[in-house]
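Q: Build me a model:
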Amino acid sequence: MKDLTVSNIERQNVLNNRFAIDEIQKHLELSGMLFEGEYRFTKKMVAEYYGVEERTIERYLTKYSDELSANGYVLCKGKSLKDLKLQFAPVINVGSKTTQIGLFNFKAFLNLGMLLTESEKAKSLRSMILDFVIATIHEKTGGGTKYINRRDINYIPAAITEENYRKNLTSVISQYVQGHQTYKYAQVTDLIYKAVFKENAKEYREILRLDSKDNVRHTLYAEVLLVISSFENGVGAAIQEQCKQNGKVKLTIEEVERIVGELAEHPMQKPYLNDARTKMASRDFSFRDAYHGNIGEYLRAVTPEEFERFIGDQSVDFDRILENNKDVLKRLKQAEDE
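A: Coordinates of the predicted model:
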């Protein structure tokens, strides 16, 4: 089980998932103060819930001030404090000379619960949070995350683009590259995969726990497919040019490897490679519970916008779209071929 107390990325993946947060909030049924559109909790309320002293809360607020503030902890003062006193004076029980009071919203309340190691109630809450996160993602995706990448509205055009560039590269490999008539295609593909996300197809399948029959490209995110398309196009063109310079002698796999390596090192590729690696490492870690160690340095929390894209209102039902738009997709694919 994941330990939320030690990983800021894992905590933020929970807190950025509004669907899980909503379900947790319904389940807990906490009675806070509805103030300025959100339920708020004083340090005293939070301390009583978690069964710790207020000074413990203060210690965590000092140690994790940036994280808790980013997730909704605020210092209420000025006009807001005046309004709070008017509405909830018996609840907050502060003197007239108090100039500010710390307030947690529900996200900040959960954030603290994911940090507190002194509280048994917080420990139980962390276990429940992880259960809700898993259940919510599976409910939104229909029971699995193998093809969660397809729920992005950008996936279909990216997949069509990549397929056409791949066809062109396959033709180039057939004509201009030496090697086994079957294996050389997989070898070049692995070279490109290694350049883009530092894993070959076999390694990627193992990390995502895919079957040998599963098509790797069908599980890749749109941003990754577009970078692969760029490599397929560039490598194909470079192979043809090199073959001409070689007097039409077919290239060896080693020569193709050098071409791929040079393309990967080109400064123009760096921002696109960084983006693709970040998206793959971060989304697979959050959505698929899969860790890509070779690109672990790119790991970050999935943004709220990404949760919307893949499990929210912006996400799409890939199979339904295919069924309803067969003719449109066929014409689009034909246009890409021309």
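
Q: Would you mind putting the CA coordinates of stretch 278-296 into PDB?
A: Only the C-alpha atoms of stretch 278-296 are listed here, as PDB (Å, rounded to 0.1, in the frame of the first residue of the first chain):
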ATOM      1  CA  THR A 278       6.600  13.900 -17.900                       C
ATOM      2  CA  LYS A 279       3.100  13.000 -19.100                       C
ATOM      3  CA  MET A 280       3.900   9.300 -19.400                       C
ATOM      4  CA  ALA A 281       5.700   9.000 -16.000                       C
ATOM      5  CA  SER A 282       3.200  11.000 -14.100                       C
ATOM      6  CA  ARG A 283      -0.100   9.700 -15.600                       C
ATOM      7  CA  ASP A 284       0.900   6.100 -15.500                       C
ATOM      8  CA  PHE A 285       2.000   6.400 -11.900                       C
ATOM      9  CA  SER A 286      -1.300   8.000 -10.900                       C
ATOM     10  CA  PHE A 287      -3.800   6.200 -13.200                       C
ATOM     11  CA  ARG A 288      -2.200   2.800 -13.700                       C
ATOM     12  CA  ASP A 289      -0.100   2.500 -10.600                       C
ATOM     13  CA  ALA A 290       2.900   1.900 -12.900                       C
ATOM     14  CA  TYR A 291       6.400   3.300 -12.200                       C
ATOM     15  CA  HIS A 292       8.700   4.100 -15.100                       C
ATOM     16  CA  GLY A 293      12.100   4.000 -13.300                       C
ATOM     17  CA  ASN A 294      14.100   5.100 -16.400                       C
ATOM     18  CA  ILE A 295      12.100   8.400 -16.600                       C
ATOM     19  CA  GLY A 296      11.400   8.700 -12.800                       C
END
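
Q: in that stretch, what counts as buried?
A: Across stretch 278-296, burial judged by 16 or more other CB atoms under 10 Å covers 278-288, 290, 292, 295. C-beta: built from backbone N, CA, C; applies to glycine.

Q: Over to stretch 249-260?
A: For stretch 249-260, by 16+ other CB under 10 Å, it's L251, I253, E255, V256, E257, I259, V260.

Q: ok so, going back, among the buried residues of stretch 278-296, which one sits closest to A222?
A: K279 (8.7 Å; CB to CB).

Q: so who does the residue sitting nearest the centre point of the chain touch?
A: Centroid check for the chain by CA atoms, centre = their mean gives R283 as the closest residue, at 2.4 Å. Residues near R283 by CB atoms under 8 Å, 6 or more residues apart in numbering: I148, N149, Y221, V302, E306, F310.

Q: low-confidence ranges in this structure?
A: 1, 321-338 (pLDDT under 70).

Q: Do I have it right that E308 meets Q314?
A: Yes. Contact status for E308 versus Q314: in contact at 4.8 Å, counting by CB atoms under 8 Å.

Q: Torsion angles phi and psi at Y39?
A: Phi and psi for Y39, reported as degrees, to the nearest 10, are phi -80, psi 130.

Q: hang on, the earlier thing: output the buried residues of stretch 249-260 in CSV, with distance to Q25 and secondary structure appended to each entry.
A: Below are the buried residues of stretch 249-260 laid out as CSV (distance: CB to CB, whole Å; DSSP: H, G, I helix; E, B strand; the rest coil):
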residue, distance to Q25, secondary structure
L251, 60, strand
I253, 56, helix
E255, 59, helix
V256, 54, helix
E257, 53, helix
I259, 54, helix
V260, 49, helix
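
Q: Nice, that's everything, thank you.
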